[in-house]
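Enquirer: give me a 3D structure for the following:
(chains A and B)
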Amino acid sequence: MAEVLARLSSRAIAGGLGVLLLLACSSGGGTSGGGASSTDVTVWTAWGGDELKAFKDVLAPFQSSTGIKVHLTTNRDSTNQIANGIAAGTDLPDIAPGPTDPIQVKSWVSKGALKSIETALGSDAFKAYIDSTYPALTAAPGGASDDPYIGIVGGKHYELMVKTQVKGLFWYNKKVFTGTAPKSFDELLALNPSQFGAQKIFCAGFESGAASGWPASDQIDNIIMRQSGDQVYINWIQGKQKFSSAEIKLGYQTFLKEVSAQNVYGGSNTALSTNFGKAGDPMFNTPPGCLFLEQATFIANFFHQNKGVTAGTDFDFFAHPSMGKSQYDGNVNGFYDNFAMYNDTPAARKLMQYMATKDAQQIWANDGGTLGAIKDLTYKDPIFQRAADIAKGAKNLLVTAGDFMPSDMQKAFWQSLLNVTRDPGSLDKELAHLDQVQAAAYTSS
Amino acid sequence: MGIDQVITSVIAVVGVPLALLGYIIVGEQVIERLSDSVQSWIRPYFWALPAVGFATIFMVYPLLRTVVISFRNSEDTDWIGLANYKYFFTFPDTLTSLRNSLLWLVFYTFFAVFLGLIIAILLDRVRYESLAKIAIFLPVPISAVAASIIWKFMFDYQPPGTPQTGTLNALIGLFGRDPVAWLVNSTTNNAALIFVGIWTAVGFCMVIISASLKAISSEVLEAARIDGANEFQIVRLVVTPLLWPTITVVGTTMLINSLKTFDIVYVMTNGAYDTDVIATQMFSQLQHAHYGRAAAVGVVLFIAIVPLLIVNIRRFQQQEEQR
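Expert: Alright, predicted model coming up:
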C-alpha cells in the first residue's frame, strides 16, 4: 500500500490538498451570503399554494421596477431555524416572519437580530405606515412602550404587518339559515336547529395534525375577550391570569356549551376527529348537519373548494354575538402576518418599504382570501369587504391567545380544549394542570 | 444556491476525501523514516486517528455537551443543578410520556418479535413462502410518516349513521357496531399507535429471524422427529433455542426502536389525548426552547438505551466468535 501510494506524485497531491484545506477553512468560516446586497434579497415565508402565489404576485412589480432579485423560499420551520441561526451565529434570511412568541421577540431584539421597522422604512414612510395600518396592529394599548405580541419593544416596531384575518365569525348556508343574526350568545344557543331542518346548531372540527386544537382555541378566545374583557384576556395570554380563575373557567364552561353532544353535529368524537377544513361541509349537505360553523375569514376558500359554493350567494356570516357585556362588544379577534428584517441591506430595506405600501397590499386584497393590514383597501369579494368593516369598527383587535403564549403553554392549552371536549367532567383537573404548565412555561429555567 | 454554497459542497465532497488521502500519504512517508519498532507501534494509532477524530467531533463531543446542557438553564447561562431532571421525573406530562414509552417498549417489542418469529416459522413450511414474505415485508420500506398518514385514513371517523370513510370503522360497521374514534378514545389510542409501529416492524423481524431459521440444519430437526417430538415441541424445544441469539439481537434492536419512537406519534396525534412518548417530549421541549430540559430527556433516554446497546454488541461478538 505504502509503495503504491509513494509511486503517485505524492508531493504534488499533498500540496494541492493543502490549498484545498485552506480554501475549505476560509470559506467555511466566512460565508456571508453575499454581504450588504443592493441587488439581491433573500426572503423566507411559510406560505404555500394560493398564499404563495399571491405573494409572488405582490413581488412581481417590485422586481421588475427595481431590478432587485428576490430569492424566495417556503420554510414552515423558519422560526426554529432562525432561532438556531441566531444561537449559532450563522446566516439568516434578509427578510422573514418575526416570531410570535413574546419572549423570543424580546430576546431577538436584545441580541440585535431583528432590525427595527423605523430603520427599514425611514421616517416618512414609517409615519405613513402607522397612519394607514389598523391601529390594533401597530399601537401598544394605552401608549405602552412594549407590546411584544405585535413586535413592539422599547417603543420601536420590529414586525411589519402585511395581512390580517378576522376570527370568530359564524358562517351559515343562506338556503338553510334564513333567520336574523342572533344579538346575543344566549339567543344563539336558544335557536332550534330543526326549525331550519338542520340537526344541530353548530358544526366543529378541531383536528389539524400536529396543531390540533387551535380551532377550539379560537372559539374560547372569542368568548373570553367578550365575556371578561380585554384586560383579563391580555393578562391571561401573559401568564398573569390563572386558568383556574373564575373568568377563564367560565370561558371553558361556555365553550363546552358550544361543543356539547346536544349542540354539536355528530357529538364530541366528530368534532375531535374532523379536520378544520372539512368542518363546515355538513352545512351544505341534505339534510344539513348544522346551522353554523365558527371560523375565520379564510374558511370561505375551503367552502368553495369542498362544496363548490360561492361567497355571498350561497353562504354568508355574521359577527360574533355579544356575550351580554356591551362594554366588551368592540373586542374583535384577529391575527396577522408580518415580515421582519434580519439583515439591514439596501435591497431588504427597499422590499420592506414596498410591502408597506397600499399598492403592494392591494395586490394581496385583489388575489383574495385575506385582508391586508392597511385600513382602506378595496375588496372585490363582499365577504372580505364586510370583514374589513368589522376590523375597522373594532375597538380592540385582539390577537389569538394561543399563538402568543410560550409554545409549551400553547400546546397544553390547545390539548386541554380537546380533552375537555372529549370529557367535560375533566375540566377542573385540566385547569389545575394548565396552572402547573403556566407556572413552568413563563420562566426561562 | 449561491456560488459560495457550490464551492463549499465541492470542498466537502471532493476535498475532505482528498485531504484524508493526503494525510495518509504524507504520514506514511514520515513513518517509513522511523525505526521498525517505532513504526509498528505508531502505525495503528496513525491509521485509526481520522476515524477516532471524526467520532469525537461528531458523536462524543455532542454527547458530552448534551450532558453539560442538561444541568444548565434554557439560555445556557447558569448552572441549575438537577432541576431539569426533577422536572422530567415529577411533571405529569413527562410522566405520561414515560408511561407510554414503557407501553411501547413492552407491547411493540413483544409483538414485533413474537409475530416475526411465528410468521417466519409458519412461512418456512408453505410453498408460497416468498410471496407471503414480500407481503409482510412491504410496510418496512415505507417511511414512518407515510405509514402514519396511511393509518390516519384507516382510523378515520365519521359520525354514526353516516358512511364511514375509515376502513376500520367501515369494517366494524358491517357488524352493526358504532364507529370508534380510535385516536381520540384513550382506551384505544395508544394501542392504535403501537399497532402502526408493529405493522411497520414485523416484516423486518421476520426477515432476520427467517434467515437464521434457514441456517438450522435439517438433520437436527429430523433427529428430533425420530426421537418422537411433535412439530409443536420441535418449535418450542429445538428451533426457538437455536434462534435465541438472533431473537436477542432483533429484540434489543426493537427495544431501542421503541424508545426512539417519534414520527408515528408526532404525525398521528402529536401527543394529544395522553399519547406523548419520551422522544416527542424531547422534541417539544426543544421547540419550546427549553434546551436544558430537552437535553435532560436525551440523557435519560441515552442511559436507558446504553445497556441494550451493550447486550446487542456482546451478542454480535459472540456470533462472530461462533463462526
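Enquirer: A:Asp316 belongs to a strand?
Expert: Yes: counting by DSSP: H, G, I helix; E, B strand; the rest coil, A:Asp316 is located in a strand.
Enquirer: quick one: contacts for it?
Expert: For A:Asp316, the contact set (Cβ atoms under 8 Å, 6 or more residues apart in numbering or on different chains) comprises A:Trp171, A:Tyr172, A:Lys174, A:Ile383. Every C-beta, even on glycine, is put in place using the N, C-alpha and C of the backbone.
Enquirer: just checking, the second one touches A:Met283?
Expert: Yes: taking contacts as Cβ atoms under 8 Å, A:Tyr172 lies within contact range of A:Met283: 6.8 Å.
Enquirer: which residues are common contacts for these two?
Expert: Common neighbours of A:Tyr172 and A:Met283 (criterion: Cβ under 8 Å, 6+ apart): A:Leu291, A:Phe292, A:Leu293, A:Phe315.
Enquirer: quick one: which of those residues is nearest chain B?
Expert: Comparing these against chain B with Cβ to the nearest Cβ picks out A:Leu293 as the nearest, at 15.0 Å.
Enquirer: what does stretch B:182-189 rub up against?
Expert: By Cβ under 8 Å, 6+ apart, the residues outside stretch B:182-189 that reach it are A:269, A:272-273, A:418, A:422, B:152, B:155, B:157, B:166, B:168-169, B:180, B:192-193, B:268-269, B:273-275.
Enquirer: and with 10 Å instead?
Expert: Outside of stretch B:182-189, the residues that reach it under the criterion Cβ atoms under 10 Å, 6 or more residues apart in numbering or on different chains are A:206-207, A:212, A:268-273, A:418-419, A:421-423, B:100, B:151-152, B:154-157, B:166, B:168-169, B:180-181, B:190-193, B:195, B:265, B:268-269, B:272-275.
Enquirer: may I see the PyMOL selection of the buried members of the residues you listed?
Expert: Buried members of the contacts of stretch B:182-189 can be picked out in PyMOL with the line below, counting by 16 or more other Cβ atoms under 10 Å in any protein chain shown:
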select buried, (chain A and resi 206+207+212+268+269+270+271+272+273+418+419+421+422) or (chain B and resi 100+151+152+154+155+156+157+166+168+169+180+181+190+192+193+195+265+268+269+272+273+274+275)
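Enquirer: tell me the secondary structure of A:Trp44, please.
Expert: When the structure is split into helix, strand and coil by three-state DSSP, A:Trp44 lands in strand.
Enquirer: just give the closest residue to it, not the sequence neighbours.
Expert: In this structure, A:Trp44 finds its nearest non-sequential neighbour in A:Ala96, 3.9 Å apart by Cβ to Cβ, 6 or more residues apart in numbering or on different chains.
Enquirer: confidence score at that neighbour?
Expert: At A:Ala96, the predicted lDDT confidence score is 97.
Enquirer: same check, this time on B:Ser9
Expert: If you check B:Ser9, the pLDDT there is 86.
Enquirer: distance-wise, check it relative to A:Gly89.
Expert: Remark: distance between B:Ser9 and A:Gly89 (Cβ to Cβ, to the nearest Å) = 21 Å.
Enquirer: of these two, which one has the most company?
Expert: In this view B:Ser9 and A:Gly89 are compared by other Cβ atoms under 10 Å in any protein chain shown, and B:Ser9 has more residues nearby, 12 against 7.
Enquirer: how confident was the prediction at the closest residue to chain A within the stretch 51-200 of chain B?
Expert: With Cβ to the nearest Cβ as the measure, B:Pro159 is the residue of the stretch 51-200 of chain B nearest to chain A, at 3.1 Å. Model confidence at B:Pro159, given as pLDDT, is 91.
Enquirer: picking that back up, from the contacts of stretch B:182-189, which land in helices?
Expert: Those of these mapping onto helices are A:268-273, A:418-419, A:421-422, B:100, B:151-152, B:154, B:168-169, B:190-193, B:195, B:265, B:268, per DSSP state H.
Enquirer: now the strands for the stretch 51-200 of chain A?
Expert: With DSSP state E, counting those that start in this stretch, the ranges of strands along the stretch 51-200 of chain A come out as A:69-74, A:95-96, A:152-153, A:156-157, A:160-166, A:169-173, A:200-203.
Enquirer: contacting residues around the first one?
Expert: Judged by Cβ under 10 Å, 6+ apart, the contacts made with strand A:69-74 from elsewhere in the structure are A:33-34, A:37, A:39-49, A:51-52, A:55-56, A:59-60, A:62-63, A:93-96, A:347, A:351, B:1-2.
Enquirer: before we move on, back to that, how much space between the residue nearest to A:Trp44 and A:Asp50?
Expert: From A:Ala96 over to A:Asp50 (counting by Cβ to Cβ), the distance is 20 Å.
Enquirer: neighbour count for the two, which is higher?
Expert: Remark: of A:Ala96 and A:Asp50, A:Ala96 carries more neighbours, 23 against 14, as counted by other Cβ under 10 Å.
Enquirer: now do the same contact list for the more buried one.
Expert: A:Ala96 sits in contact with A:42-46, A:73, A:75, A:78-79, A:81-82, A:338-342, where contact means Cβ under 10 Å, 6+ apart.
Enquirer: name whatever forms a beta bridge with it.
Expert: Residues found in beta-bridge contact with A:Ala96 (criterion: DSSP bridges) are A:Ala340.
Enquirer: got any ranges where chain A has weak pLDDT?
Expert: By pLDDT under 70, the weakly predicted segments of chain A are A:1-35, A:141-142, A:444-445.
Enquirer: could you check how far A:Ala373 is from A:Phe298?
Expert: As defined by Cβ to Cβ, A:Ala373 lies at a distance of 15 Å from A:Phe298.
Enquirer: who has more neighbours, the two?
Expert: Counting neighbours by other Cβ under 10 Å for A:Ala373 and for A:Phe298 shows that A:Ala373 has the greater number, 25 against 16.
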